[in-house]
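[1] Structure, please.
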Amino acid sequence: MMQRERLGSRLGFILLSAGCAIGVGNVWKFPWMVGQYGGGAFVVCYVLFLLILGLPIMTMEFAVGRASQKSPVSAYQALEPAGSKWHLHGYMALVGNYLLMMFYTTVCGWMLHYFYLMVAGRFEGATPEQVGAVFPEMLSQPAVMVGWMVAVVVIGFTINSFGLQAGVERVTKGMMIALLVIMVVLAINSITTAGASEGLRFYLIPDLDRMRQAGVINVIVGAMNQSFFTLSLGIGAMAIFGSYIGKGRALMGEAVNVCILDTFVAFTAGLIIFPACFAFGVAPDSGPNLIFVTLPNIFEHMALGRLWGSLFFVFMAFAAFSTVLAVFENILSCCMDLTGWSRRKTALVNTVLMIALSLPCVLGFNVWSGFQPFGAGSNVLDLEDFLVSNIWLPIGSLVYLLFCTSRYGWGWKNFKEEANEGGGLKVRDGIRFYVSYILPLIVLVIFALGIKDKFFP
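    This is a model prediction of the structure:
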């Protein structure tokens, strides 16, 4: 049997896991949701739900990975009772990873394209209408989008092909540290802009009137959804890194560290965006347009705007790319377990496969724009995102929850023993009832609400 690869350091494990969790959802979706749901009150609800929803499930994924020492596609076989069918979720998890990357590679390409446009000075002297026209223009050009998507896939699998420590860990460490430094620099610049204080008040001070205007239930459900989806739980994306670490640290403490980093990035993204929005008189609730239309307009009016804009889209590209590398690692590990191929061969085959699988998303905005799965204005990306976010993640999280708490699965005793091995924060029996009975119900509610919102808005 081949020796399982190991991460070189605890920092590498935390940054890789955080890199997987930190993605476009933190730095694109989180700020516009805060804007739409009334500011500070949403932020408070989000942090609360991150602790009570995300933390236990992440600890369970880490534990399944570390106990099995296998990829998500093979982990259940090592731990499940004889004759049970839990391992079927392993194949579902692998499909979920492919589905996620089928559109995420395109979104990562958008970030690289905008970085290129910023550096090239494309937005200098442009009117707001001209800035607003750049995004739809990009979407209408399949060659441009395919080019960036292919670059993301080729660079990603090439880095992963060098191995866990020499490739993924080394590059992700450097990228994540650069991302955190760039964010802090951008946040300081934004906070110190004249007129920024109003944006800080909107963002940091919970306002119950604004919460009532947005709808208290809407704010709570929005925060619950965002906190659940931000960590990419349910498709084994965290389990894989659990399988690469030793027994030196208890797993709940490590999950806390990942949650803190994930929240820090989302929170700092808000510190960059809201002060700038208010300083330049831009509505903070402009939704998904915030990144590609609103912010380039703001940078255009800012001193040294080209520099700040370039830095911002580098940081966006790093956030997206850290997720790409982490999920590609998961795909490679699963495929190597299933086929016995070398890492290089698996990377090469998956490069070709991933490019082919990513084409529908790119073409859905132009050549195949007539395909509108959810009615007028929807596209292939919406369908793929719906399948991952509203089907795969909640159902997968439910499976991990039941597997780790049920006597028909791995069971509470085995899970707790594995999670508590090593120093640090321990899982207590006091949360057993909550994670066995209440948390599965909450996940089912999230699943049901996601289906309802899509088909019965």
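[2] Next secondary structure element downstream of whichever helix or strand residue 179 is part of?
    In this assignment (DSSP states H and E), residue 179 forms part of helix 170-191. Downstream of helix 170-191, the first helix or strand assigned by DSSP H and E is helix 197-204.
[3] Let me see the mean pLDDT of the helix or strand just after that next one.
    Counting by DSSP H and E, the next helix or strand C-terminal to helix 197-204 is helix 208-214. Mean per-residue pLDDT for helix 208-214: 89.
[4] how far is the helix holding residue 179 from where the chain is centred?
    Once both centres are worked out by CA atoms, centre = their mean, to the nearest Å, helix 170-191 turns out to sit 17 Å from its chain's centre.
[5] quick one: that helix to helix 197-204, angle?
    130 degrees (axes from the mean of the first three to the mean of the last three CA atoms, to 10 degrees).
[6] Report the buried residues of helix 170-191.
    Judged by neighbour count (16 or more other CB atoms under 10 Å), helix 170-191 contains these buried residues: 170-173, 175-176, 179-180, 182-183, 186-187, 189-191. The C-beta positions use only the backbone N, C-alpha and C, and glycine is treated the same way.
[7] swap in stretch 305-316?
    Here stretch 305-316 shows 305-306, 308-316 as buried, counting by 16+ other CB under 10 Å.
[8] Show only the entries of those found in helices.
    Among the buried residues of stretch 305-316, the ones falling in helices (DSSP state H) are 305-306, 308-316.
[9] can you put those in CSV and add distance to residue 36?
    Putting those into CSV (distance: CB to CB, whole Å) gives the following:
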residue, distance to residue 36
305, 26
306, 29
308, 24
309, 24
310, 28
311, 26
312, 21
313, 23
314, 26
315, 22
316, 20
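[10] which one is residue 186 nearest to, not counting chain neighbours?
    Distances taken as CB to CB, 6 or more residues apart in numbering put residue 272 closest to residue 186, at 4.7 Å, once the chain neighbours are dropped.
[11] how close does that neighbour sit to residue 197?
    From residue 272 across to residue 197, the span is 15 Å (CB to CB, to the nearest Å).
[12] More neighbours: the two, which one.
    residue 272 (26 against 13; other CB atoms under 10 Å).
[13] elements contacting the helix or strand hosting that one?
    Assessed by DSSP H and E, residue 272 sits inside helix 251-279. The criterion is 3 or more CB pairs under 8 Å, 6 or more residues apart in numbering; DSSP states H and E, and the helices and strands that helix 251-279 contacts are helix 10-21, helix 30-36, helix 40-49, helix 55-68, helix 170-191, helix 197-204, helix 295-301, helix 412-419.
[14] next one: it to chain centre, how far?
    For helix 251-279, the distance to the chain centre is 13 Å (CA atoms, centre = their mean).
[15] Could you give the average pLDDT over that helix?
    On average, helix 251-279 scores 91.
[16] What residues of it count as buried?
    Buried residues in helix 251-279 (16+ other CB under 10 Å): 251-252, 254-259, 261-279.
[17] relative orientation of that helix and helix 55-68 in degrees?
    140 degrees.
[18] just checking, next helix/strand downstream of helix 251-279?
    helix 289.
[19] Give me the contacts around that following helix.
    Contact with helix 289 is made by 132, 135, as judged by CB atoms under 8 Å, 6 or more residues apart in numbering.
[20] how distant is that helix from the center of its chain?
    19 Å.
[21] Equivalent analysis for stretch 239-254, please.
    Distance, centroid of stretch 239-254 to centroid of chain: 19 Å (CA atoms, centre = their mean).
[22] before we move on, the earlier item: show me what contacts the residue nearest to residue 186?
    183, 186-187, 190, 312.
[23] Closest to residue 89 out of those?
    When these are compared for distance to residue 89 (CB to CB), residue 183 wins out at 35.1 Å.
[24] Are there helices or strands packed against the helix or strand harbouring residue 241, and which ones?
    Under the criterion of DSSP H and E, residue 241 resides in helix 239-242. Helix 239-242 is packed against helix 10-21, helix 55-68, helix 72-79, helix 305-339, with contacts defined by 3+ CB pairs under 8 Å, 6+ apart.
[25] quick one: which of those is nearest residue 393?
    Closest among those, using CB to CB: helix 55-68, at 9.9 Å.
[26] what does the average pLDDT come to for the closest one?
    97.
[27] Likewise for stretch 98-118?
    On average, stretch 98-118 scores 96.
[28] show me what contacts residue 92?
    Residue 92 touches 235, 392, 395-396, 399, counting by CB under 8 Å, 6+ apart.
[29] and the residues you listed as JSON lines, adding neighbour count?
    Converted to JSON lines, the contacts of residue 92 look like this (neighbours: other CB atoms under 10 Å):
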{"residue": "235", "neighbour count": "29"}
{"residue": "392", "neighbour count": "20"}
{"residue": "395", "neighbour count": "17"}
{"residue": "396", "neighbour count": "24"}
{"residue": "399", "neighbour count": "20"}
